[in-house]
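**Q** Compute the structure for the input listed below.
(one chain, ligands or ions: 1)
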Amino acid sequence: MDEFHSEGGALFCEDVPLSEIAREAGTPVYVYSHAALERAYRGLDEAFSGAGLEHMICYAVKANGNLAILRALSSFGAGADVVSGGELYRVMRAGFDPKKVVFSGVGKTEDELVSGLGERILMFNVESAGELECISRLAVMHGKRARVALRVNPDVEAETHPHIATGHSYAKFGIPLEEAAALARRMEEYRCVDLIGIHQHIGSQLLKTTPYVESVEKTAALVEDLRDAGHDIRYFNIGGGLGIRYHDEETPTPRELVEALRSSLAATGATILCEMGRYIAGNAGVLLTSVLYRKQGGEKTFLVADAGMNDLLRPSLYDAYHEVLPLEDGRGTVHADLVGPVCESGDFLARDRELPDAREGDVLAVMGAGAYGFSMASNYNSRRRPAEVLVRGDRWAVVREREHYADLIKGELIPAFL
Ligand code: LLP
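**A** Okay, here's the model as predicted:
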């Protein structure tokens, strides 16, 4: 059963009617399903186990870093992929085992590297010669050992939105494949650093297995080369990127993806890491928003909602499609734009679409908003970021309060010379 489903004409999350949450927690509000998170996580986990591959799933925290979501995932056994000191702080607060934490990102600061060393995380995914040098210097200075993987750029086209493709040679990410071996040779100079893995991530919302297969085949060859050069390469990280269905996309299942990669992965003899974010959280969340006004602009009908681009940026930024459902069935549809209150023409949640024929006061559910929803929300227009709710069976709880006006000016100071 889909965790977001209709029962007697009303939309539910697990056993809770979404109208109850909208009424009691207010809108806009993100609502997450514990069962959906668990199902996605276990589906991935079982795909690797079923293929006989030693593995660890490091959830990409950037997709949704709410502490309750993180706590749930760590309770399932997940590790975490963090990309900032802030994300590292979150996962430690949520109770993750640092031995299951990998630290990615093209621009880690010294402070962030020192925090990672201090927590004794599993490894840093290193993106440049400069970063490797910096890690080495800090490890020596702080008397720590650093474990690293080289993030290589396999130069493949990921066939996704250009903003979220990362594995081609003109992207800022990773070390060109042909330079990785030379960089590994410099490891001798870095006596506090152990090279234990290879990492790649070619893009997000990938709908085909072929780019993965191509890049894994390219990078897996490096594992042998580096072992021959004396490095104990124990981990092979395939990155994240598995796509989900937002509309009518055909997506590979985890099993299909792992099956396509199985022989190349098995041949490495390494523990396989993966860093899925969207696959785990994307369809485990929705954004509930109330229709404030229904207005006519010439030929066009606008449903003006209380959630906007500051709450869910994906439609404005990527022209992303999110399905919009009514909380109660039976009103039919209207050709309209669902727009937000923000003062930008690009502020929309759905444009030129058949939408629920909603009246003022009705609540709509914007589906597939569990990943890169709240985590990309901002305070633009001095709007308070929305509340977040987690549902488990027939229980639900606010897992992040709606922001207060005081939060908007937190840390701001009016200097004495004014
Ligand atoms: N690992 C690395 C190194 C990444 O850069 C990313 C995502 C992931 C893992 C997780 O990818 P996923 O499994 O979620 O596809 N804001 C965009 C997505 C940006 C993804 C950035 N990197 C969106 O809303 O579509």
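**Q** Near the ligand, which residues of the stretch 301-418 of the chain? Just list them.
**A** 314, 318, 371-372 (C-beta under 6 Å from any ligand atom). All C-beta atoms are positioned from the backbone trio N, CA, C, and that covers glycine.
**Q** Please read the previous query as pertaining to the stretch 1-150 of the chain.
**A** Within the stretch 1-150 of the chain, the positions adjacent to the ligand are 60, 63, 81, 104 by C-beta under 6 Å from any ligand atom.
**Q** just checking, the second one touches residue 281?
**A** This means residue 63. Yes. At 4.7 Å, residue 63 and residue 281 qualify as touching, with contact defined as C-beta atoms under 8 Å.
**Q** Overlap in contacts, these two.
**A** By C-beta atoms under 8 Å, 6 or more residues apart in numbering, residue 63 and residue 281 have these common neighbours: 370-371.
**Q** quick one, helices of the stretch 151-300 of the chain?
**A** 177-185, 210-228, 254-268, 278-281 (DSSP state H, counting those that start in this stretch).
**Q** Which elements pack onto the first one?
**A** In this case it means helix 177-185. Using 3 or more C-beta pairs under 8 Å, 6 or more residues apart in numbering; DSSP states H and E, the elements in contact with helix 177-185 are strand 146-153, helix 210-228.
**Q** in its sheet, what does the first one sit against?
**A** It stands for strand 146-153. Paired strands of strand 146-153, with direction, are strand 123-126 (parallel), strand 175-176 (parallel), strand 193-199 (parallel) (DSSP bridges).
**Q** Quick check: mean pLDDT of it?
**A** Mean pLDDT, strand 146-153: 96.
**Q** In JSON lines, list the residues of the stretch 301-418 of the chain next to the ligand along with neighbour count.
**A** Shown next, in JSON lines, are these (neighbours: other C-beta atoms under 10 Å):
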{"residue": "314", "neighbour count": "21"}
{"residue": "318", "neighbour count": "15"}
{"residue": "371", "neighbour count": "26"}
{"residue": "372", "neighbour count": "26"}
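**Q** thought residue 382 was touching residue 408?
**A** Yes. Here residue 382 reaches residue 408: they are 5.4 Å apart, a contact under C-beta under 8 Å.
**Q** which non-adjacent residue is nearest the most centrally placed residue in the chain?
**A** In the chain, the residue lying closest to the centroid (C-alpha atoms, centre = their mean) is residue 63, at 2.2 Å. In this structure, residue 63 finds its nearest non-sequential neighbour in residue 277, 3.0 Å apart by C-beta to C-beta, 6 or more residues apart in numbering.
**Q** Model confidence score at that neighbour, please.
**A** Looking at residue 277, its pLDDT reads 98.
**Q** How many residues are close by it?
**A** Residue 277 has 24 neighbouring residues, counting by other C-beta atoms under 10 Å.
**Q** what's the spacing between it and residue 344?
**A** From residue 277 across to residue 344, the span is 27 Å (C-beta to C-beta, to the nearest Å).
**Q** What distance do you get for the residue lying farthest from the centre of the chain to the ligand?
**A** Going by C-alpha atoms, centre = their mean, the residue of the chain most distant from its centre is residue 417, 43.4 Å out. Applying C-beta to the nearest ligand atom, to the nearest Å, the value for residue 417 to the ligand is 40 Å.
**Q** tell me which element that residue is part of?
**A** Using DSSP states H and E, residue 417 sits within no helix or strand.
**Q** pLDDT score for it?
**A** We have a pLDDT of 98 for residue 417.
**Q** what's the closest residue to the ligand within the stretch 1-150 of the chain in contact with, if anything?
**A** Among all residues of the stretch 1-150 of the chain, residue 60 sits closest to the ligand, at 3.5 Å; criterion: C-beta to the nearest ligand atom. Counting by C-beta under 8 Å, 6+ apart, residue 60 touches 81, 240, 275-278.
**Q** What mean pLDDT does the helix or strand containing residue 23 get?
**A** Per DSSP H and E: residue 23 is located in helix 18-25. Helix 18-25 carries an average pLDDT of 98.
**Q** counting contacts, what elements does that helix pack onto?
**A** strand 10-13, strand 29-33, strand 285-297, strand 363-366, strand 387-392.
**Q** which of these sits most buried?
**A** strand 29-33 (a mean of 27; mean count of other C-beta atoms under 10 Å).
**Q** contact partners of that strand?
**A** Here strand 29-33 makes contact (C-beta under 8 Å, 6+ apart) with 3-4, 13-14, 18, 21-22, 64, 66, 68-69, 281, 284-288, 369-370, 373-374, 386-391, 396, 399, 402.
**Q** ok, 7 Å please
**A** Strand 29-33 is touched from outside by 3-4, 13-14, 18, 21-22, 69, 284-288, 369-370, 373-374, 386-391, with contacts defined as C-beta atoms under 7 Å, 6 or more residues apart in numbering.
**Q** And the residue of the stretch 1-150 of the chain closest to the ligand, its phi and psi?
**A** phi -80, psi 100 (degrees, to the nearest 10).
**Q** Could you give the bridge partners of it?
**A** Beta bridges link residue 60 to residue 81, judged by DSSP bridges.
**Q** how near is it to residue 223?
**A** 23 Å.
**Q** Residue 109 too?
**A** Using C-beta to C-beta, residue 109 is found at 30 Å from residue 223.
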